[in-house]
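Novice: A predicted structure for the sequence below; I have some questions about it.
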Amino acid sequence: MTMDPLVSYTFCLEIDGIQAAYFSEGSGFDSEVQVIEHRENGLGGKEVVRKLPGQKKWSDITLKRGSTNSLDLWEWHKKILDGDVLSARKNGSVVIYDTTLKEVARFNFINGWPSKWKGPDLKANDNAVALEEITIAHEGLTRKK
C-alpha cells in the first residue's frame, strides 16, 4: 500500500490535550543517539571496534505563527521568566492534519517549557504578516501515527 506524503501546512500545538494555537512554521522534530565506540582486541590481537548506543538527545521545537492579540504563549513563557518552572512544564503535542482536517501525525513531547519567546519584527514599509515565535525545550519526543 502506497502512502501519500504528509502535507505540512495545517498543524497545531496541543498543551495538556487542549488545542493552544495553529502555526505556520515548525522545526526541531528530531532525535539523536550518540555513538560510543568501544575498542577491544579480537582474535590474533586484531582491533575490533564496537559501536554502542549512548546518550539520547532531542532538538528544541521551534514554532512560528502570525501574531494575534492572544497572550497565551507569552504568559506561558513568563512563568519561566518569573521562576515558576514547575507549573510551566507541560506535556504537549504538535499535530499535523491532512487537507480534510483529519489528524495524520502527532509528535508528543514531555515536560516541555518555553525557553524562548520572540515577538514580531516590525517594519513600516513591509506588508508581511507579523510573526510570533516560541521555542520549546523538552525531555523527550515520540512520533504517533
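Specialist: Done, it's in.
Novice: Give the partner strands of the helix or strand of the chain with the lowest mean pLDDT in its sheet and their orientations.
Specialist: Lowest mean confidence among the helices and strands of the chain (mean pLDDT, DSSP states H and E): strand 18-23, at a mean of 84. Sheet partners assigned to strand 18-23 using DSSP bridges are listed as strand 11-15 (antiparallel).
Novice: pLDDT averaged over the partner strand, what's the number?
Specialist: For strand 11-15, the mean pLDDT works out to 91.
Novice: How about stretch 24-32?
Specialist: 93.
Novice: Would you mark the buried spots in that stretch?
Specialist: For stretch 24-32, burial by neighbour count (16 or more other C-beta atoms under 10 Å) applies to G26, G28. Glycine gets a C-beta too; all of them are placed from N, C-alpha and C.
Novice: Residues contacting that stretch from elsewhere in the structure, which ones?
Specialist: For stretch 24-32, contacts defined as C-beta atoms under 8 Å, 6 or more residues apart in numbering pick out 8, 11, 56-66, 94, 107, 129, 131, 135-136, 141, 143.
Novice: Which of the helices or strands spans K78?
Specialist: helix 72-81 (DSSP states H and E).
Novice: helices or strands up against that helix?
Specialist: strand 18-23, helix 85-88, strand 103-118, strand 131-137 (3 or more C-beta pairs under 8 Å, 6 or more residues apart in numbering; DSSP states H and E).
Novice: Show me what the longest one is packed against.
Specialist: What that stands for is strand 103-118. When contacts are defined as 3+ C-beta pairs under 8 Å, 6+ apart, strand 103-118 packs onto strand 61-66, helix 72-81, helix 85-88, strand 90-97, strand 131-137, strand 141-144.
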